[in-house]
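J.: build the 3D model from these lines:
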Amino acid sequence: MGSDSIAARRVRTLQLASPALLGAAALLVALVAAGVALQTPWLPLQEAGAVGGARDLGAEPVRAGVLWQLVLWLPAHVLSAGAFLGLAKIVAALAWVALAVPADALARRAGLDRTWSAAVAALAVLSCGAVYGTTVLPDTVALLLAAGAVAAAAETRRRWAVALALGAALARPWFLPLAPALLWALATVEERAALRRWPGAGLVAVLAGAVYGAYAVSGADSFGALLRAGVASLGLAALAVGVVPAAAAWGAISPLRRLLGPVVLAAGVSGALAGGGGPVRAEDRASLFVVPLVLALAATSLRGLDRGRVRVAAVGIAAAVVPLPWPLPRAEGGVLAGALWRHLHSHPLLILLVAALALLPAVIDVRRALAAGAALLVATSAAAWADAGRQSHDLRLGVPLPRGQVDDAVGPGAHVTWALTGNADPRAVAEAQLWNRSLRRVVRVDPAEADPASGVLDDRRTEYALGAVPLVGTPVATIPLGTITRVDGEVRAAELVTGLYPDGWSGFQATYTRLAGPGREATLEITVSRETWTGPDKPAQVSADAAPLGGQPFAERVTTIHARETSVLRVPVPAPPFQVVVRVSPTFSPAELGVGSDTRQLGAILTFAYVTR
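T.: Next up, the predicted model:
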């Protein structure tokens, strides 16, 4: 009894120490380490949306999916922003490494031995989609569920296939076409015939309505855009596997090939729904779930290959890369499969090269052709990692430190609205949202367009407001991103300036309005400058008149300004709210004075500083 137990323990130890398990563990550790190394998220706009959805359910559009948000809702509210990002990356990395399970199952179902099934699983995990395992996006979970659905279909486990496909659709709605495609692939001749009669026809109508609903939320402006995006998605999938396996899979002589047509069609429809309304009009994340099936079938082509089918497939694969948006962007979510191929600066050259690679299994030894394809798969993945690394590094330079400065100032549970002025990089803004749980809303505002009576910039209520301009409320902290002000209401500008051109020059009149501040008299320092004007001197009188809003004059100051000079007016002002009107007379036109082509009537460059004592 004791010796049996010892032997059993030794067997379990050997199983735990198997090369496949150790390799998977090593891949997981490497992927998590890579995610940690990419400290600055390289897809900040998309990741900020996913994180925002987890923090505030329903904040993101339907196409973002709900499964990921539900899974991460509790950690998003319990953990700090940094800890939450780390956990989400670990979950994403674990999901991607787990892709080896359905890949291995498909390879074994195709009749491959342990060595070849391990190779298929390893290549599936090493493909370019692994880079998504370093993000906090739901894509690796969605791809795992979709690939699992295909593996279940290969085992003719219909219920599991449908359940996993629906799970993938909950993670990313664009996978909605996968479930009906698998049902069709597994249906018998009688069952397919029944779909043309009631009540089967009703089910088809419901599924068609669901797909149309997915189209409605896809954002695509036409069916033509959907078609191009769907075909381009399949082209990206072919590039992701190194082209050659994609052609060999169609020529493989295997019962598993019955799944390939419906699955590829589902991938095309998913790609259309995912990319039709996107900025790039192509999306590899909707089609990468076919990679394990394609690799498994390509490996079986070593036992027999229909070269005629390969030639037909080569034409289709070459056609699939025609609608790719060229040149492909670098490190953009959805086109990582083109990371290696984007270095071909000619789109026609890409089409010719893809066609030549796709024909390889039909003209040379299949083993050598597949080896070339595997090498291209690994090279594509390496290029995708390099792109993501460079993107992360470039973004890191624009992210002010410390990353969690807003949470540090007011706490992660606060509600902060960021009133953005100017042309801030949207990616830098998204990075700030990722690292600060309290940063619940970002609004772009223009103080020049604020309500002149109230200074309202955003009429939604908030606890705190972050801005680079003075806001009505109690300042609580000044950080590199601006000043945090407790407002407990609408976001209102504390001061408004009108009458200035974007370059700071005034015309005949400019107005400074102060809506909030200490309830006592103060001083407004007005810097009046013509220092940058080096043309003919045309002296002007500058007057500044202060008065309470709707009240009687309070104070006036006057000075004279010349070319290449700067003067400062210190104007006593009453307690807010008040207004100071600055008039410059006479104005001058550079064009009229024979200097340049600027026809504006200019007064002076004005800057205002509200000084309290």
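J.: my read is V581 is in a helix, agree?
T.: No: with DSSP: H, G, I helix; E, B strand; the rest coil as the criterion, V581 is strand rather than part of a helix.
J.: name whatever forms a beta bridge with it.
T.: T511, D545 (DSSP bridges).
J.: please tell me how far it sits from R172.
T.: 57 Å (Cβ to Cβ, to the nearest Å). Where you see a C-beta, it was placed from the backbone N, CA and C, and this is true even at glycine.
J.: identify the bridge partners of the nearest residue to D503 once chain neighbours are set aside.
T.: Nearest non-adjacent residue to D503, counting by Cβ to Cβ, 6 or more residues apart in numbering: I605, 7.9 Å away. Judged by DSSP bridges, the bridge partners of I605 are W505, S529.
J.: I'd say I605 and G504 touch.
T.: Yes: using Cβ atoms under 8 Å, I605 is in contact with G504, at 4.6 Å.
J.: okay, the two: which has more neighbours?
T.: Higher neighbour count among I605 and G504: I605, with 20 against 12, using other Cβ atoms under 10 Å.
J.: from A430, how far off is the more buried one?
T.: Distance from I605 to A430, by Cβ to Cβ: 34 Å.
J.: swap in G517?
T.: 33 Å.
J.: with R307 instead?
T.: Counting by Cβ to Cβ, the gap from R307 to A430 is 49 Å.
J.: for the two, indicate the residue with more neighbours.
T.: Taking neighbours as other Cβ under 10 Å, R307 and A430 compare with A430 leading, 22 against 12.
J.: for that one, list the residues it contacts.
T.: By Cβ atoms under 8 Å, 6 or more residues apart in numbering, A430 lies in contact with 41, 44-45, 47-48.
J.: will you turn those into JSON lines that also has neighbour count?
T.: Formatted as JSON lines, these follow (neighbours: other Cβ atoms under 10 Å):
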{"residue": "P41", "neighbour count": "29"}
{"residue": "P44", "neighbour count": "26"}
{"residue": "L45", "neighbour count": "15"}
{"residue": "E47", "neighbour count": "22"}
{"residue": "A48", "neighbour count": "23"}
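J.: for A247, give me phi and psi.
T.: Main-chain dihedrals, A247, degrees, to the nearest 10: phi -70, psi -40.
J.: check A374 too.
T.: Dihedral angles (degrees, to the nearest 10) for A374: phi -60, psi -40.
J.: around it, count how many other residues there are.
T.: Neighbour number of A374 under other Cβ under 10 Å is 21.
J.: surely it is in contact with L123?
T.: Yes: counting by Cβ under 8 Å, A374 does reach L123; the two are 6.1 Å apart.
J.: which stretches in the stretch 151-300 of the chain count as helices?
T.: Assigned by DSSP state H, counting those that start in this stretch, the helices in the stretch 151-300 of the chain fall at 158-171, 178-186, 189-194, 200-216, 223-240, 244-251, 260-275, 291-300.
J.: kindly reformat those helices as JSON lines containing distance to A383, mean neighbour count and mean pLDDT.
T.: Listed next are the helices of the stretch 151-300 of the chain as JSON lines, based on distance: least, Cβ to Cβ, whole Å; neighbours: other Cβ atoms under 10 Å; pLDDT from 0 to 100:
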{"stretch": "helix 158-171", "distance to A383": "26", "mean neighbour count": "20", "mean pLDDT": "94"}
{"stretch": "helix 178-186", "distance to A383": "28", "mean neighbour count": "22", "mean pLDDT": "90"}
{"stretch": "helix 189-194", "distance to A383": "42", "mean neighbour count": "11", "mean pLDDT": "72"}
{"stretch": "helix 200-216", "distance to A383": "31", "mean neighbour count": "13", "mean pLDDT": "64"}
{"stretch": "helix 223-240", "distance to A383": "11", "mean neighbour count": "24", "mean pLDDT": "90"}
{"stretch": "helix 244-251", "distance to A383": "17", "mean neighbour count": "29", "mean pLDDT": "96"}
{"stretch": "helix 260-275", "distance to A383": "20", "mean neighbour count": "25", "mean pLDDT": "91"}
{"stretch": "helix 291-300", "distance to A383": "16", "mean neighbour count": "29", "mean pLDDT": "96"}
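J.: for these, which one sits closest to P539?
T.: helix 223-240 (60.9 Å; Cβ to Cβ).
J.: okay, S585 and T498: tell me how far apart.
T.: 18 Å.
J.: now S80
T.: From S80 over to T498 (counting by Cβ to Cβ), the distance is 42 Å.
J.: for P470, same thing?
T.: 15 Å.
J.: looking at these two, which is more packed in?
T.: More neighbours surround P470 than the other of P470 and T498, with 19 against 15 (other Cβ under 10 Å).
J.: that one contacts V491, correct?
T.: No: the pair P470 and V491 fails to qualify as a contact (Cβ under 8 Å) at a distance of 11.8 Å.
J.: what is the burial count for the nearest residue to W435 once chain neighbours are set aside?
T.: Counting by Cβ to Cβ, 6+ apart, W435 lies nearest to R403, which is 3.9 Å off, once chain neighbours are set aside. Counted with other Cβ under 10 Å, the neighbours of R403 add up to 20.
J.: I figured R403 was touching G82, is that so?
T.: Yes: checked against Cβ under 8 Å, the pair R403 and G82 is within contact range at 7.5 Å.
J.: tell me if A105 really is in a strand.
T.: No: counting by three-state DSSP, A105 is not part of a strand but helix.
J.: who touches the closest residue to it other than its chain neighbours in this structure?
T.: The shortest distance from A105 to any residue other than its chain neighbours is 4.3 Å, reached at A151 (Cβ to Cβ, 6+ apart). By Cβ under 8 Å, 6+ apart, the contact list for A151 reads 101-103, 105-106, 109, 292.
J.: let's go with 6 Å and repeat that
T.: Residues counted as contacts of A151 (Cβ atoms under 6 Å, 6 or more residues apart in numbering) are 102, 105-106.
J.: just the buried subset of those, please.
T.: The neighbour-count criterion (16 or more other Cβ atoms under 10 Å) marks 102, 105-106 among the contacts of A151 as buried.
J.: and A609, what helix or strand is that in?
T.: strand 605-611 (DSSP states H and E).
J.: now stretch 320-327: buried residues?
T.: Those would be 320-326, for stretch 320-327 by 16+ other Cβ under 10 Å.
J.: hang on, R330 packs against D387?
T.: Yes: if you go by Cβ atoms under 6 Å, R330 and D387 touch, sitting 5.1 Å apart.
J.: what about the strands in the chain?
T.: 416-420, 439-444, 456-467, 474-479, 482-492, 495-500, 506-514, 522-529, 540-548, 555-561, 566-573, 578-585, 605-611 (DSSP state E).
J.: can you redo those as a markdown table with distance to A274?
T.: Formatted as a markdown table, those follow (distance: least, Cβ to Cβ, whole Å):
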| stretch | distance to A274 |
| --- | --- |
| strand 416-420 | 29 |
| strand 439-444 | 25 |
| strand 456-467 | 31 |
| strand 474-479 | 37 |
| strand 482-492 | 35 |
| strand 495-500 | 44 |
| strand 506-514 | 48 |
| strand 522-529 | 53 |
| strand 540-548 | 58 |
| strand 555-561 | 60 |
| strand 566-573 | 57 |
| strand 578-585 | 53 |
| strand 605-611 | 49 |
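J.: G133 is nearest to which of these?
T.: strand 439-444 (25.7 Å).
J.: buried residues, that closest one. List them.
T.: 439-442.
J.: report all helices and strands that that strand contacts.
T.: Contact partners of strand 439-444 among helices and strands, from 3 or more Cβ pairs under 6 Å, 6 or more residues apart in numbering; DSSP states H and E: strand 416-420.
J.: other SSEs contacting the strand it packs on?
T.: Strand 416-420 packs on strand 439-444, strand 456-467, going by 3+ Cβ pairs under 6 Å, 6+ apart.
J.: all set, thanks.
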